[in-house]
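Novice: structure, please.
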Amino acid sequence: MLQHDYGRLQAELADALGLFAPPIAISFVDRGPDGVERYAASAPEPTPDGRTGAVPAGCVFWIKAAERTFATLPGDHGNCSVGCVTHGLKSLEEVAHNADVAALCESGWVTPEAMQGITAVAEKPGAIVYGPLGDTPLDPSVVLLRLNGKQQMLLHDAWPEMRLEGKPQCHIIAIAKEQGEVALSVGCMLSRVRTGMSNNEITCAIPGHLVPQVIERLHAARAADMAVAAYAADDARRFGNAVS
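Specialist: As a prediction, this is how the structure comes out:
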């Protein structure tokens, strides 16, 4: 039995933040749950280092999950070595000599030392389930939000202790799951190209159990913002239609 009414939580999150994409439930499980279809896609031929998968990178599942719920197996994530590490599917040692890791290091995009510090899911999952929060068949491990600048501002007002992270974008999933922290990512070029996310978008990962608390704080933060907005609009009327 689910711990919460996730349809209601999705509606409250969408209303409080004015979301343009549904919040995504991400659940790390031992095996795909009954009644949830596996993500279906033909994998391309493996690269010389053995990489292939259902999509170019695990972050692409975030975009697909806005439309429906599905289960993925570890091999579905196999084309992106970095994502395999952050999601606990492979160790850094297993992917260290892969061509994509070499390309990232040779370009200067990341250093081998920085790779060592990437947060990763501790226990290898048998499956990862994705889908809109309101349709989740499981209590989610993590809830992922896609945000614009104003939505980020409001969320920071509500949860000022959240972490701000950079590349790789996907490690905020591990931070939320393993460290129990709300983590915001400015994104990374690797993910932006593969997902096609707008240049105006950033992402935020919320530990599943914290979502009700985040919503409660969002209501208070939005009320304060609306009061300040009313004050600012009224104060600005003293300047008429003047444009600087």
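Novice: drop to CA atoms for contacts and neighbour counts, all remaining ones
Specialist: Will do.
Novice: tell me which other helices or strands the host helix or strand of residue 227 touches.
Specialist: Counting by DSSP states H and E, the element that carries residue 227 is helix 211-236. Packing partners of helix 211-236 (3 or more C-alpha pairs under 8 Å, 6 or more residues apart in numbering; DSSP states H and E): helix 6-17, helix 149-158.
Novice: could you dump those helices into TSV with mean pLDDT, mean neighbour count and distance to residue 66 added?
Specialist: Formatted as TSV, the helices and strands packed on helix 211-236 follow (pLDDT from 0 to 100; neighbours: other C-alpha atoms under 10 Å; distance: least, C-alpha to C-alpha, whole Å):
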stretch	mean pLDDT	mean neighbour count	distance to residue 66
helix 6-17	96	18	12
helix 149-158	95	17	18
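Novice: can you list those helices in a markdown table and add distance to residue 191?
Specialist: Formatted as a markdown table, these follow (distance: least, C-alpha to C-alpha, whole Å):
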| stretch | distance to residue 191 |
| --- | --- |
| helix 6-17 | 23 |
| helix 149-158 | 18 |
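Novice: so what's the closest residue to residue 57 other than its chain neighbours up against?
Specialist: The shortest distance from residue 57 to any non-neighbouring residue, by C-alpha to C-alpha, 6 or more residues apart in numbering, is to residue 80 (4.9 Å). Residue 80 is in contact with 51, 56-58, 100, counting by C-alpha atoms under 8 Å, 6 or more residues apart in numbering.
Novice: so where's the protein uncertain?
Specialist: Along the chain, the parts satisfying pLDDT under 70 run over 241-244.
Novice: hang on, the earlier thing: indicate which one of the helices and strands packed on helix 211-236 is closest to residue 139.
Specialist: Shortest distance between residue 139 and these, using C-alpha to C-alpha, is found for helix 6-17: 8.6 Å.
Novice: and the strands in this protein, which stretches?
Specialist: All strands of the chain, identified by DSSP state E, fall at 24-29, 70-72, 127-132, 142-147, 163-165, 183-185, 202-207.
Novice: now do the first one: which elements does it pack against?
Specialist: Under the contact criterion of 3+ C-alpha pairs under 8 Å, 6+ apart, the helices and strands touching strand 24-29 comprise strand 127-132, strand 142-147.
Novice: for that strand, buried residues please.
Specialist: Across strand 24-29, burial judged by 16 or more other C-alpha atoms under 10 Å covers 24-29.
Novice: can you list the residues you listed in CSV and add distance to residue 111?
Specialist: Below are the buried residues of strand 24-29 laid out as CSV (distance: C-alpha to C-alpha, whole Å):
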residue, distance to residue 111
24, 31
25, 31
26, 29
27, 30
28, 28
29, 31
